[in-house]
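1. Sequence and predicted model, in that order:
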Amino acid sequence: MTEPTSDPRLGLTVTHRRYVPYSHAHYAGNLVDGAYLLGLFGDVATEVCIRTDGDEGLFASYADVQFRAAVRAGDVLEVVATVTRVGTRSRELDLVARVVCRGRPDRSESAAEVLPEPLDAVTATGVVVVPPAA
């Protein structure tokens, strides 16, 4: 009898970076709504499904969504998904969106800076599903 091996998909990490345009600001202070971040989680999860299963998959659920810091137009976000569980057709993901650069309108209209430490803005757990293996 052979020992079961760890699934090579476990621990797979996919990272996207995205500039947040001013057209996405909906609130005072150029704040961006949380739905924008959930959409980015969907984008990075799609790439995870393509890499693990050769299919775009579908998002089935979010759990424990935590909005920890403001996201503003002019930010550069790093959105990361890591596979934490592999089921027959489901994949559980740890998700985080971090602000890595921030606009500095207090300096000038186009000023921005790289943050010394990324700022975790949103964290969540998500489940995606893929078609049965052929």
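-> Arrived safely. In this text, all values refer to a predicted model and were calculated from it rather than measured experimentally.
2. from here on, contacts and neighbour counts on C-alpha atoms
-> OK.
3. just checking, Val114 is part of a helix?
-> No. With DSSP: H, G, I helix; E, B strand; the rest coil as the criterion, Val114 is strand rather than part of a helix.
4. Excluding sequence neighbours, find me the nearest residue to it.
-> Cys101 (4.3 Å; CA to CA, 6 or more residues apart in numbering).
5. From Asp94, how far out is Ala69?
-> 18 Å (CA to CA, to the nearest Å).
6. for stretch 59-74, what is the average pLDDT?
-> For stretch 59-74, mean pLDDT rounds to 96.
7. follow-up on the earlier one: compare Ala69 and Asp94 (neighbour count), which wins?
-> Taking other CA atoms under 10 Å, Ala69 and Asp94 do not tie; Asp94 has more neighbours (20 against 13).
8. The more buried one in helix, strand or coil?
-> Relying on three-state DSSP, one would call Asp94 strand.
9. And the pLDDT for it?
-> At Asp94, pLDDT is 98.
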